[in-house]
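**Q** after the sequence you'll find the predicted model.
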Amino acid sequence: REKYKWSADNSEEIRKGVIIKAETIEELAAKLNMPHLVETVKKWNADMKTGADTVFGRRIMKDPNAKVVFEGRDVDLLSAPIRLDGPVYAVKLVPVAYNCQGGPKKNAKCQVLDAYGDPIPHLYICGELGSMWTSVYQGASSNAECMIFGRIAGREAAKEKPAA
């Protein structure tokens, strides 16, 4: 995949099925077997007109020069309606998290432990670096381990007082 050369106009990717093309949003919904896609897109577009995300409560910014949102920052979302007329396209995206076994040891608070088993002040670890599976490869748990230990590490780090 690293050496794959994309076609200039995506025609090869469409032909191969990497990119799904449809003439309408309804046709795309049928090709993707997503019966609620049309309703969801229409709801999103209605929210874009009113300027309020009624599904998730996110703020919507209509300034095309605004910065995109980063979690934890107080920045509005840069949003736009989704076109209903064709052609429309879709690409399958799959979340991944790479495994890395071994690494530093951690305690239940996700604090990195020194060679004597004592927590190193202000140093936390999450995800699979210092995996709970140690040197045993355990597939299909990457996302869960990242979310669970990321939350624990973040919660514990947030309790820290700034170093003097």
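**A** Right, received. Where do you want to start? Numbering: from 1, shown residues only.
**Q** in a helix, residue 26, correct?
**A** Yes. Residue 26: assigned to a helix according to DSSP: H, G, I helix; E, B strand; the rest coil.
**Q** any weak-confidence spans in this protein?
**A** Across the chain, the ranges flagged by pLDDT under 70 are 1, 59, 61-78, 95-102, 132-141, 164.
**Q** can you give me the strands for it?
**A** Secondary structure of the chain (DSSP state E): strands located at 19-24, 60-61, 77-78, 85-91, 111-113, 119-124.
**Q** would you format those as TSV with distance to residue 11 and mean neighbour count included?
**A** Bear in mind the C-beta positions are built from the backbone N, C-alpha and C, glycine included. TSV is the format used below for the strands of the chain (distance: least, C-beta to C-beta, whole Å; neighbours: other C-beta atoms under 10 Å):
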stretch	distance to residue 11	mean neighbour count
strand 19-24	9	15
strand 60-61	34	16
strand 77-78	30	14
strand 85-91	12	13
strand 111-113	50	19
strand 119-124	48	14
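**Q** so which bits of the longest helix that the chain contains are buried?
**A** Of all segments of type helix in the chain, defined using DSSP state H, the longest is helix 142-158. Judged by neighbour count using 16 or more other C-beta atoms under 10 Å, the buried positions of helix 142-158 are 142, 145-146, 149, 152-153, 156.
**Q** just checking, residue 123 touches residue 113?
**A** No. Checked against C-beta atoms under 8 Å, the pair residue 123 and residue 113 is beyond contact range at 9.3 Å.
**Q** how about the helices of the protein, start to end?
**A** Ranges of helices in the chain, per DSSP H, are 11-16, 25-32, 37-50, 142-158.
**Q** figure out which of these is closest to residue 108.
**A** helix 142-158 (7.8 Å; C-beta to C-beta).
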